[in-house]
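Participant: Have a look; sequence and predicted model below, questions after that.
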Amino acid sequence: MPGIPIGYAMGMTDIATLLNQAVADTGAGLQRIDAEFLMAHCLDKPRAWLYAHADQVLDGKQIAHFADLVGRRQSGEPVAYITGRRGFWSFDLRVSPDTLIPRPETELLVEMALEYLPPARPLMVLDLGTGSGAIALALAKERPLARIIAVDASPAALSVAEANAVELKLANILFQHGDWFAGLANQRFDVIVSNPPYIEAEDAHLLQGDLRFEPRSALAAGDDGLEDIRVIVRGAPGHLNPQGCLMVEHGWRQGPAIRQLFAEAGFVSVETEQDLEQRERVTLGRLL
């Protein structure tokens, strides 16, 4: 791990200087926003607090702690895993190396699901591969009458998700250990959502950036990235109510293949929504 950058040992100890030094010392390896999140975590303060206290001088222990955090980020560790938190929807979530790091594009899946979940009806929702619980928790918060079951094959991930639910005081969600539909017996739902693994197993991106640190089981799915999506699409009709809807997040080049899978499974009104970068991101279909 890199040692304390030289600037830290020269008496430049106020917050603004330390942030500037961290970015300058690491070049492209540490963005300003990353440095600010690490400083906020170091001081146990909101990020916005830093702007009003930029001239505050830190003590030696605080400086050493911040330098350690910067060194971890220099080594490639994701900021979300260093701080143990990640913003998603309207709240801050606990995350760990056992969970995928929630990403902004997944909020599109939440928005689409909310359109199919009237706030005044007590509908049943299933979230497959919940991870940190990001999708399920957002839906539980926005639709308090809905009953949500969130499934994951990782007990460690479920522990994180359950801790998030407790922290957010959301009681209309049940977490269940299982591999996709296994363990759900004959339960049926009005909406099924999933952000499953969809990266090709040999994709070079898995060896780059933050993906190097995230659980491979939550990222990769066979040679073409569709292995888990096939299981979900083919199994969904047996767990949906009439007029029920399935929504799946996927890679931006997988839309045509996934629309075909939906059609083959008997779904109608199949369509794919684009994310903010105008890339195909979420496919949905309904049962008759």
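Facilitator: Nice, thanks for sending it over. Quick caveat, the model's predicted, so the values are computed rather than measured.

Participant: For the stretch 1-150 of the chain, which segments count as helices?
Facilitator: Using DSSP state H, counting those that start in this stretch, the helices of the stretch 1-150 of the chain run over residues 15-26, 32-43, 47-52, 60-74, 79-83, 107-115, 134-142.

Participant: I'd like to check the angle between the first one and helix 32-43, please.
Facilitator: On the basis of axes from the mean of the first three to the mean of the last three CA atoms, to 10 degrees, helix 15-26 is oriented at 130 degrees to helix 32-43.

Participant: re the thing from before, pick the most buried one from the helices of the stretch 1-150 of the chain.
Facilitator: For the helices of the stretch 1-150 of the chain, average neighbour numbers computed from mean count of other CB atoms under 10 Å are highest in helix 134-142, which has a mean of 25. Backbone N, C-alpha and C define where each C-beta goes, glycine included.

Participant: so who does residue 223 touch?
Facilitator: Residues in contact with residue 223 (CB atoms under 8 Å, 6 or more residues apart in numbering) are 200, 201, 202.

Participant: Give me the neighbour count for the nearest residue to the second one once chain neighbours are set aside.
Facilitator: Right, residue 201. Leaving aside its sequence neighbours, residue 201 sits nearest to residue 220 (CB to CB, 6 or more residues apart in numbering; 4.7 Å). Number of residues near residue 220 (other CB atoms under 10 Å) recorded here: 20.

Participant: Give the residue spans of the stretch 151-288 of the chain that score low on pLDDT.
Facilitator: Applying pLDDT under 70 to the stretch 151-288 of the chain flags no residue at all.

Participant: Which parts of it are strands?
Facilitator: 173-177, 189-194, 240-249, 268-274, 280-286 (DSSP state E, counting those that start in this stretch).

Participant: Adding mean neighbour count, write those out as JSON lines.
Facilitator: Listed next are the strands of the stretch 151-288 of the chain as JSON lines, based on neighbours: other CB atoms under 10 Å:
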{"stretch": "strand 173-177", "mean neighbour count": "17"}
{"stretch": "strand 189-194", "mean neighbour count": "25"}
{"stretch": "strand 240-249", "mean neighbour count": "20"}
{"stretch": "strand 268-274", "mean neighbour count": "14"}
{"stretch": "strand 280-286", "mean neighbour count": "23"}
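
Participant: could those go into CSV alongside distance to residue 154?
Facilitator: Listed next are these as CSV, based on distance: least, CB to CB, whole Å:
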stretch, distance to residue 154
strand 173-177, 8
strand 189-194, 15
strand 240-249, 18
strand 268-274, 28
strand 280-286, 23
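
Participant: Now do the domain split for this structure, please.
Facilitator: Using automatic domain parsing, the domain parsing of the chain gives 6-75, 89-286.

Participant: Identify whichever of these lies nearest to residue 82.
Facilitator: Proximity to residue 82 (CB to CB) singles out domain 6-75 among these, at 5.4 Å.

Participant: follow-up on the earlier one: show me the one in the contacts of residue 223 that has more neighbours than the rest.
Facilitator: residue 200 leads those on contacts (other CB under 10 Å) with 19 neighbours.

Participant: Distance of that residue relative to residue 133?
Facilitator: From residue 200 across to residue 133, the span is 26 Å (CB to CB, to the nearest Å).

Participant: List the residues that contact the residue nearest the centre of the chain.
Facilitator: Ranked by distance to the mean C-alpha position of the chain (CA atoms, centre = their mean), the top residue is residue 102 at 1.5 Å. Residue 102 sits next to 86, 88, 93, 95, 131, 132, 134 when contact means CB under 8 Å, 6+ apart.

Participant: The second one - how many residues pack around it?
Facilitator: Summarising burial for residue 88: neighbours were counted as other CB under 10 Å, giving 23.

Participant: I'd guessed it sits against residue 136; true?
Facilitator: No. Using CB atoms under 8 Å, residue 88 is not in contact with residue 136; the gap is 11.3 Å.
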